[in-house]
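Peer 1: Predicted model, plus sequence, below.
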Amino acid sequence: MRKFILQVHLWIGLVAGAVLSVVGITGSLYVFQPELTAALYPHLYKATNPEAAPVDVREVLQQAGRQFGKEVVTVNFPLRKLQNYILKVEGKKEWLFFDATTGKYLGEMEQRRGVLDTILEIHRTLTVGETGSVITGACALLLAFVLLSSGIMLWFPRKKRQLKDGLRLKPKASFKRRNYDLHSVTGFYVSIPLFIIAVTGAYFAFPVQTQQAVNTLTLTTRPEPDPKTLKSAYQAAVPAMNVYQALDLMESMYGSYHKRYLILPKDSVGYVYFSYTNQVEVGAGTQQRPAVYLDQYTAEILYAYDPADAPLGHRVTKNWFVPLHFGEVGGYITRVFWFLLGLVPAMLWVTGILIWLGRKRKRKITVRTGNKAVA
């Protein structure tokens, strides 16, 4: 049985480990996305006076309308180290940046977070779209339910007196032994946080299936609609909501939260979307993000996610999975730890390859000399 588990661990690790290495390294970088984005693009993301209250967003909307002659269709509010307003106007694909202190236009960028958006795309899809998302999600599930469980089984000593050796790195061992210990001992200690990262990561690739699993585990029976299925009831004679009307409605809801996104629909049946957050800065704990989906003609609420009133299963995924996946649940300390954890899959993959090559070389020597290999 142990040999079978070893073969499963080996071959899945060799294949999935390559993907998990890329996903882990890019995930490590993305842990500090707000700080890195602001550092790389300070001319766009840093306000003239960060301590001052932002100007009314309507001033920024008016400035954007005068400058570009188009209606604003997306508003990102200043949050999480990103101190300025970020807009999109109709017919223009670039993101437009406006100083939150003065309302002045600062410039534009094709990707909202620049190179960090590319890193996120690699992390989620390997830059190959839906296929890549399925691959990364499947590898995350293999890590959570196959590699970690089989690794623990292989780590577990056959004799109790060997348990102590399995919990520490030997300081004076050979390179081969140190490599084995680095793979085995480190894998044991990080198995639980890696499991958390892998399961929460799979949610982004398979949201419906993961939600169903969480609902089952939490005994959640109250259904919540899939936002992808929501549509406005098209009315040719009724004008669609404009950004100022949407903003008025947004300000009438969830007054105790901070505004996050306002997005107008791209077509005649899309919905108006509002998003809020409980955190202005990158902080610890849950991320409570109310979301509202409105009919663009009647302003009827098609669906509203309330983090305080939603069914338990949805509160688990929507309130906890993001801070757990990116390490924000415990503040700066867990973010640093999660950054290091993201490098672990690459380390386990490399050390695993070295272990495999060493055993392969040993088998060749054994066959050539006719001696019996020592396990």
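Peer 2: Cool, got the structure.

Peer 1: Who are the packing partners of the helix or strand where Val22 lies?
Peer 2: In the assignment (DSSP states H and E), Val22 maps to helix 2-31. The contact analysis (3 or more C-beta pairs under 8 Å, 6 or more residues apart in numbering; DSSP states H and E) places helix 2-31 against helix 115-125, helix 129-142, helix 148-155, helix 191-205, helix 332-369. Using the backbone N, CA and C atoms, a C-beta is placed for each residue, glycine as well.

Peer 1: now the angle from the helix or strand following that helix to helix 115-125?
Peer 2: Next helix or strand after helix 2-31 toward the C-terminus (DSSP H and E): helix 33-40. Between helix 33-40 and helix 115-125, the angle comes out at 150 degrees (axes from the mean of the first three to the mean of the last three C-alpha atoms, to 10 degrees).

Peer 1: Show me what counts as buried in the next helix-or-strand element following helix 33-40.
Peer 2: Downstream of helix 33-40, the first helix or strand assigned by DSSP H and E is helix 42-45. Residues 44-45 are the ones in helix 42-45 that count as buried (16 or more other C-beta atoms under 10 Å).

Peer 1: what about helix 42-45, distance to the chain center?
Peer 2: Taking C-alpha atoms, centre = their mean, to the nearest Å, the mean C-alpha location of helix 42-45 is offset from the chain mean by 23 Å.

Peer 1: Quick check: buried residues in the next helix-or-strand element following it?
Peer 2: Using DSSP H and E, the next helix or strand after helix 42-45 towards the C-terminus is helix 57-68. By neighbour count on 16+ other C-beta under 10 Å, the buried set for helix 57-68 is 57, 60-61, 63-64, 68.

Peer 1: what lines up beside the next helix or strand after helix 57-68 in the sheet?
Peer 2: Going down the chain from helix 57-68, the next helix or strand is strand 72-76, by DSSP H and E. Here strand 72-76 is paired, per DSSP bridges, with strand 85-89 (antiparallel), strand 258-263 (antiparallel).

Peer 1: Deepest-packed of these, please.
Peer 2: Mean neighbours per residue, mean count of other C-beta atoms under 10 Å, is largest over the strands paired with strand 72-76 for strand 85-89, with a mean of 23.

Peer 1: For it, list the C-alpha coordinates in PDB.
Peer 2: The C-alpha trace of strand 85-89 is given here as PDB (Å, rounded to 0.1, in the frame of the first residue of the first chain):
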ATOM      1  CA  TYR A  85     -10.600  57.500  -8.300                       C
ATOM      2  CA  ILE A  86     -10.300  55.100 -11.200                       C
ATOM      3  CA  LEU A  87     -12.900  55.300 -13.900                       C
ATOM      4  CA  LYS A  88     -13.900  54.000 -17.300                       C
ATOM      5  CA  VAL A  89     -15.900  55.900 -19.800                       C
END
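
Peer 1: And whichever helix or strand comes after that strand, what does it pack against?
Peer 2: Sequence-wise, the next helix or strand downstream of strand 85-89 (DSSP H and E) is strand 95-98. Judged by 3+ C-beta pairs under 8 Å, 6+ apart, the packing partners of strand 95-98 are helix 57-68, strand 85-89, strand 105-109.
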